[in-house]
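Asks: Return atomic coordinates for the entry below.
(chains A and B)
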Amino acid sequence: MNGFLGTGFPLLSLMLLVPLVAAVACLVVPREQARNVALVATLIDFVLGVILWANYDIGGAQWQFTESAAIFAGFSWKLGIDGIALLLIALTVFLMPVCIGASWTSIDKRQGEYYAAFLLMETLMIGVFAAQDLFLFYIMFEAGLIPMYLIIGVWGGAERIYASYKFFLYTLLGSVLMLIAMFWMVNEAGTTDIPTLMAYNFPVQAQTWLWLAFFASFAVKMPMWPVHTWLPDAHVQAPTGGSVILAGVLLKMGGYGFIRFSLPMFPEASAQFAPLVFFMSMAAVVITSLIALVQTDMKKLIAYSSVAHMAIVTVGLFAFNQQGLEGSMLIMLSHGLVAGALFLSVGVIYDRLHTREISRYGGLSINMPYYAVFFLLFTMASIGLPGTSGFVGEFLSLMGIYQISSWVALICTTGIILGAAYMLYLYRRVAYGEQKNADAAAMPDLDKREWAMMVPLAAVVLWMGVYPESFIAPMRKDIAALDARLAQAKPKGDAQPTAGKPMAAHESGHASEHNAAPEGAH
Amino acid sequence: MDFARSLALTAPEILISVSGLVLLLVAAWGGDKASRLISIGSVAVLTACAFLTAPTLWGQMMGPDVSAFGGQHRADAFAAFAKLLIYASAGVTLIVAQSFFDKAKAMRAEFPLLILFASLGMGMMVSAGDLLALYIGLELNSLASYVMASSLRTDERSAESGLKYFVLGSLASGILLFGMSLTYGFTGTTSFAGINAALSGGLSTGATFGVIFMLAGLAFKISAAPFHMWTPDVYEGAPTPVTTFFATASKVSALGLLMRVSFEAFGSQPHAWQQVVIFASLLSIVIGALGAIGQNNIKRLMAYSSINNVGFILIGLATATKAGASAMLVYIAIYVAMSVAGFVAVLLLRDENGNQVEAISDLAGLSKTRPWIALAMALVMFSLAGIPPLFGFWGKFVVFQAAVQADMIVLAAIGIAASVIGAFYYLKVVKVMYFDEPADVVKGAGETSHTVLLVLATLAISPLGYLGTKCLGTLADYAAAALFPVG
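Replies: Numbering: from 1, shown residues only, chains lettered A, B, ... in the order given. Below you'll find the model as predicted:
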């Protein structure tokens, strides 16, 4: 299965270990060396990620690269991935070198601690996606708060302290109830093994409470309206690298939580609460898109657009069908790349002018043409232009939800129109028009480092837009398995499309209908 | 059970008493100059006692085989678990106290002896099988503690702290005695086993009052709300090594005693005290968390933190199950490590004149001037807040797991939600150390012994601690089993 590595090679543990060791190294090496250590470590992890994908057997066993060691009391060190986890791990290891690159020159104080916090984040994020033990997952999931708190609080902007508190306490409050729910589940099912729990049928009555406890955590992490308010603060105040990783990977933990826990473990409760999720998502799409429209701060605008995109992820997930689930996964991947790239684009000009005010820029396409091209590509990808990664996911997701509720689909689709409005408006004000600010007009175009970050992002955005099969293939079987698991609780769609009955085939069609439904309308 | 067997079972206590008396003679003739020698001797005695005690825990000793003097003293696995923690805490206190008092030029030969006798009393508390043995142990510990709290005689706050501790501690002892006499009156016996048997038929009103008064008196000793008021003042005023001793050894012994009384004496009537414990537990969590928010003294903050943590420990007691008892012991052990790390880090903070820095605002920017101390302190804070992957999370984990297993989901949910309030002030300390501009107050260098202790304690509460969960969990299970001889 695992190719030349052999079956027993603990590749996932190695991927967790490399950044962890590098994080400790960053604290002890001279501060000028820390970024080199970080870059090397993240690139090694990226190569390991490529090896992981190359050796992943598409269509093979559901859980691959499994390893297990019972070294703790109460839970075990149990790792393994399916296609869904593989893609999110790939996203993480792909974005991390970019984050390090984004911080290369802009972080000028306490570099050692900064890169250590980032590398620790990487370990924990991979750990979240690879954990196969419920409590190991929880530990990785919660531990991410500490480095992120420090990243926002130490290296953030003016309001960083308020933002860091809000981020920490909000997400902590969301998560602690999930822990109690986990205790109950483990007590009931007698195992902490996630694959076993995914197939365990919890009593429907209990599912309601368990679902709510998990929802409290994932809704905050996602974030869903109205518990999204920590996100704009955290994003705006975080340094560029922090924003990229926050938007790129951390927000995906919420979606991953839904797809790994809420849906397969509590299918009935998920169906029961689907209207709530739809309501919150519809509200999010409309409200946060409108809020984004009036922002004067670039990062805040992109932060609100993230909330709107994540809302489309949640409706797709709770559509209970393959299109919706695959679409949501693709939006998560695409949003990870695109929002990351957009924050990077903001970071590029922020490094030059040290302001995020949109009105301080203007006409950048004249003095920064290459930058303007990349920024345009990512803007279009965020809108969901066909040919870019954003389109595929949104299309599938909305198609999925249309089968369940045409009203939800209708309202969520306005998000695409509004998205086009705020993103194009942003782009017009930043890149087009007159060069009204002399300092903005004097900014140099992309340097080599920035090229090196932009090109891979742009390439993958286009790849995912033109040939999404590369990204759908690894998860197809896992999504199908999830869809089968959800079949028992699947809600009925509101529209009841019936196939047309061509006149010529009337007789045979009639006969077969008769056979299939003997107690039909006759 | 012959007399010799009883003496053998109480060997650690006898060793401490005899060597304490011998060291007292050394102090009488050697004077304060001999204090270092006496400290070293005391640490040696405690180490020897730990070696005497350890086999009891490993051997899972329990029941009549290990009960001495007609059931007055129980040298079982539970007592051994608590005693090991007590001896370790006392040893740490002796090590940090020496250099602390040397610097303050206040080292006196009695101090190590007081620690020794306090440890002796604590050992008797956790081994008590009878109300009288309980009370003798408690008073031996308390009287030594009152003196220790005021041992920095030139410092007004120290004297104040000693006096407050004495007055309120005596009041608590009085309440406890009143409860004990009621219990004796209604059950006709002072032995725990006898009380348990007498109460198994049902609780009369008078006996209920006895139970409640005893719990109230013990709640004072463990500084659980609503009997927590003395804690911040005493913790702040007492010399920091003594505060370390109160936060670790005193807590272990008082909690151990509370567990013994609850499970062994009142074990047949858990419903009589479960509600009281739940009330005290939730109140402690909330008061500990809210009270700490406004504090600007790191020792006062640690005091409120100890109230908060006692609340979590009491959740384990509220379950009244063996799993709950085991979870409490795990939590207590982790709490001892966190307190040691926290207070030793505080001891390392000195300004340029060598005075202790205690104001939280003076810690500003510590991560720039003293990155390693700041890192250790931040780990302690996150650990106390129970954020994984630090080891403090494991304590909360086992306690809440026990609560859920005992079907007390609402208690667990409220308790864990209230823990988020506590996270706020722990974050505040991290914020001051990491986000604020340096106040540049902390200048002095620390002693090697302190640094070594800090490194050891910090490693214990770091994620590496999880590697010890199996061992710790097994030992706590052995110890808890001794409290539940039937089940």
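Asks: So which residues on the stretch 151-300 of chain A come close to chain B?
Replies: Residues of the stretch 151-300 of chain A lying close to chain B by C-beta under 8 Å from any C-beta of the partner chain are A:153-154, A:160-161, A:164-165, A:168-169, A:172-173, A:176-177, A:179-180, A:183-184, A:186-187. The C-beta positions use only the backbone N, C-alpha and C, and glycine is treated the same way.
Asks: ok, now with 7 Å
Replies: Within reach of chain B by C-beta under 7 Å from any C-beta of the partner chain, the stretch 151-300 of chain A has these residues: A:153-154, A:161, A:165, A:168-169, A:172-173, A:176-177, A:179-180, A:183-184, A:187.
Asks: Need the buried ones from those residues selected in ChimeraX.
Replies: In ChimeraX syntax, the buried subset of those is picked out as below (16 or more other C-beta atoms under 10 Å in any protein chain shown):
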select /A:153,154,161,165,168,169,172,173,176,177,179,180,183,184
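Asks: So which of the residues of the stretch 151-300 of chain A next to chain B sit within helices?
Replies: Per DSSP state H, helices hold the following members of these: A:153-154, A:161, A:165, A:168-169, A:172-173, A:176-177, A:179-180, A:183-184, A:187.
Asks: Next one: A:Thr171 relative to A:Tyr149, how far apart?
Replies: Remark: distance between A:Thr171 and A:Tyr149 (C-beta to C-beta, to the nearest Å) = 10 Å.
Asks: what do you get for A:Leu342?
Replies: Between A:Leu342 and A:Tyr149 the computed distance is 24 Å (C-beta to C-beta).
Asks: For chain B, what is the nearest residue in the stretch 351-500 of chain A?
Replies: A:His354 (19.8 Å; C-beta to the nearest C-beta).
Asks: Count the neighbours of that residue for me.
Replies: Other residues near A:His354 number 9, with proximity taken as other C-beta atoms under 10 Å in any protein chain shown.
Asks: any idea how far it lies from A:Ala158?
Replies: Between A:His354 and A:Ala158 the computed distance is 12 Å (C-beta to C-beta).
Asks: which residues of chain B score low on pLDDT?
Replies: B:1, B:485-487 (pLDDT under 70).
Asks: Enumerate the residues of it near chain A.
Replies: Going by C-beta under 7 Å from any C-beta, the residues of chain B near chain A are B:382, B:387-389, B:400-401, B:404-405, B:409, B:412-413, B:416-417, B:419-420, B:423-424, B:427, B:431, B:434-435, B:466-467, B:469-470, B:473.
Asks: Can you say which of those residues are buried?
Replies: Buried members of these, scored by 16+ other C-beta under 10 Å, are B:382, B:387-389, B:400-401, B:404-405, B:409, B:412-413, B:416, B:419-420, B:423-424, B:427, B:431, B:434-435, B:466, B:469, B:473.
Asks: residues in contact with the helix or strand where B:Gly206 lies?
Replies: Element membership for B:Gly206 (DSSP states H and E) is helix B:205-221. Residues from elsewhere that reach helix B:205-221 (C-beta atoms under 7 Å, 6 or more residues apart in numbering or on different chains): B:172-173, B:175-176, B:178-180, B:182-183, B:185-187, B:199, B:227, B:254, B:257-258, B:261, B:266, B:272-273, B:276, B:280.
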